[in-house]
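*Asks:* coordinates for the following, if possible.
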Amino acid sequence: MIIDFRHKGLEEFFREGKTGKINPEHLTRIRAILLYLNSMRSEAEILQRANWRPHRLTGKNPNGQWVNGHWSLKVSSNWRITYFFYKGDVTLVDYQDYH
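*Replies:* Okay, the predicted model is just below:
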């Protein structure tokens, strides 16, 4: 289950359906990713979604935040959803332009 977000616009979209801070071209894919993350029971489940190119991150993200152990999922060529799986829950969900 998703318990918290880093990206406030992503949280507003997930909890309230507000789309103002999300690229309109990404809405369908983001909705699918968030619904899947919210239903996950184990970290290994994400590997079943190869089309999202799941992979673990190391080091720091473009904002200078440590992301060791976080996962990255492809939204579009440049955009990613990242998150951390902790004690059966998804946390620190973010929406980022990596390029």
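*Asks:* can you point me to the longest helix in the protein?
*Replies:* Longest helix in the chain, counting residues (DSSP state H): helix 27-39.
*Asks:* tell me what it is packed against?
*Replies:* Packing contacts for helix 27-39, counted by 3 or more CB pairs under 8 Å, 6 or more residues apart in numbering; DSSP states H and E, involve helix 8-16, strand 79-86, strand 89-97. Where you see a C-beta, it was placed from the backbone N, CA and C, and this is true even at glycine.
*Asks:* what comes up buried for stretch 50-69?
*Replies:* In terms of neighbour count (16 or more other CB atoms under 10 Å), stretch 50-69 has its buried residues at 52, 54, 57, 61, 67.
*Asks:* how about the helices and strands packed on helix 27-39 in CSV, adding mean pLDDT?
*Replies:* Shown next, in CSV, are the helices and strands packed on helix 27-39 (pLDDT from 0 to 100):
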stretch, mean pLDDT
helix 8-16, 97
strand 79-86, 95
strand 89-97, 94
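*Asks:* TSV for the ones you listed, including mean neighbour count and distance to Glu43?
*Replies:* Listed next are those as TSV, based on neighbours: other CB atoms under 10 Å; distance: least, CB to CB, whole Å:
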stretch	mean neighbour count	distance to Glu43
helix 8-16	16	20
strand 79-86	20	4
strand 89-97	19	9
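*Asks:* just put these in JSON lines and tack on distance to Leu27.
*Replies:* Formatted as JSON lines, those follow (distance: least, CB to CB, whole Å):
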{"stretch": "helix 8-16", "distance to Leu27": "8"}
{"stretch": "strand 79-86", "distance to Leu27": "12"}
{"stretch": "strand 89-97", "distance to Leu27": "11"}
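*Asks:* quick one, which of these is nearest to Trp71?
*Replies:* Among these, strand 79-86 comes nearest to Trp71, with 5.7 Å by CB to CB.
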